[in-house]
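Participant: quick one, what's the 3D model for this:
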Amino acid sequence: MVRAIVVADTSVLINFLRIDRMDLIEAHPASFIATDHVAGEIADTYPEQQTRYAAALNAGQITERRIDDSAELEIFLRLAAKGRLGAGERAAIAVALNRGCALAIDDSRAIRRALQEATLGENALSILRTQDIVVELIRKGVVSVEAADAIQVDWATNHRFKLKIVSFQDLS
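Facilitator: Purely as a prediction, here's the structure:
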């Protein structure tokens with residue numbers, strides 16, 4: 001059986017890299033890919049995240065792809081012309097749209113722009129936020145609600161990533 005593919009933006013990857021839980025990305029029902037632009041945004045100032053990302057690549061938990069298709073480059077450049085999106089966001093959106101993949105992204109502005117771009121090309125685009133990924137993992141029995149809530153507390157307390165929910169129980 002072929003697994004669905006999700007193109008991950010930097011923000012989503014960093015949420016899992018910060019807590020050293022790329023195993024959750026691997027356990028997700030879909031395969032995750034990151035573009036070379038996304039990989040480039042994993043900051044030099046956080047060498048631990050870079051090390052974890054490299055380990056995830058080596059372990060096959062995520063796959064990295066270059067953005068080199070002409071249609072992807074066209075979308076990437078069109079998104080750049082409108083400004084306000086980073087290279088990683090533009091690359092992830094372009095690859096997801098061109099390849100018919102889901103897009104894992106948290107930034108609301110980037111999501112709006114991705115959905116606008118999908119409408120221009122008459123493409124369907126499925127968006128997954130970090131919390132959607134965790135909810136899918138709960139539903140598949142990979143992680144318990146209690147463990148997910150502990151991750152949420154860790155994100156909020158130690159990593160400046162706050163979800164607008166009290167508990168994953170409310171979503172699962």
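Participant: quick one, what contacts Ile93?
Facilitator: In this structure, Ile93 makes contact with Ile75, Leu79, Leu85, Leu103, Ile105, Ala110, Arg113, Ala114, Glu117, judged by CB atoms under 8 Å, 6 or more residues apart in numbering. Every C-beta, even on glycine, is put in place using the N, C-alpha and C of the backbone.
Participant: tell me the least confident of those residues?
Facilitator: Within the set of the contacts of Ile93, pLDDT is lowest for Glu117 (89).
Participant: any idea how far stretch 30-44 is from the chain center?
Facilitator: Put simply, stretch 30-44 sits 9 Å off its chain's centre (CA atoms, centre = their mean, to the nearest Å).
Participant: and that stretch, average pLDDT?
Facilitator: In this model, stretch 30-44 has a mean pLDDT of 92.
Participant: what's in contact with it?
Facilitator: Defining contact as CB under 8 Å, 6+ apart, one finds that stretch 30-44 is touched by 3-10, 13-14, 17, 25, 49-50, 53, 61-67, 86-88, 90-92, 95, 101-102, 104.
Participant: mind listing what's buried in that stretch?
Facilitator: For stretch 30-44, the neighbour count (16 or more other CB atoms under 10 Å) marks Ala30, Ser31, Phe32, Ile33, Ala34, Thr35, His37, Val38, Ala39, Glu41, Ile42 as buried.
Participant: circling back to that earlier point, restricted to buried residues, select the contacts of stretch 30-44 in ChimeraX.
Facilitator: Here is the ChimeraX command that selects the buried residues among those (16+ other CB under 10 Å):
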select :5,6,7,8,9,10,13,14,17,25,49,53,61,62,65,67,86,87,88,90,91,92,95,101,102,104
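Participant: now, which of the contacts of Ile93 lie within helices?
Facilitator: Ile75, Leu79, Ala110, Arg113, Ala114, Glu117 (DSSP state H).
Participant: ok, the nearest residue to Leu128 once chain neighbours are set aside - contacts?
Facilitator: Leaving aside its chain neighbours, Leu128 sits nearest to Ala104 (4.6 Å; criterion: CB to CB, 6 or more residues apart in numbering). Shown in contact with Ala104 (CB under 8 Å, 6+ apart): Val6, Val7, Ala8, Asp9, Val12, Phe32, Ala92, Ile127, Leu128, Arg129, Thr130, Ile133.
Participant: which among the residues you listed gets closest to Asp149?
Facilitator: Using CB to CB, Thr130 comes nearest to Asp149 of those, at 13.9 Å.
Participant: just the pLDDT for the closest one.
Facilitator: Thr130 is assigned 97 on the pLDDT scale.
Participant: same thing with the one 4 residues further on?
Facilitator: The predicted structure scores Val134 at 97 on the pLDDT scale.
Participant: distance from the chain centre to the helix or strand encompassing it, please.
Facilitator: Val134 belongs to helix 130-139 when assigned by DSSP states H and E. Relative to the centre of its chain, helix 130-139 is centred 12 Å away, using CA atoms, centre = their mean.
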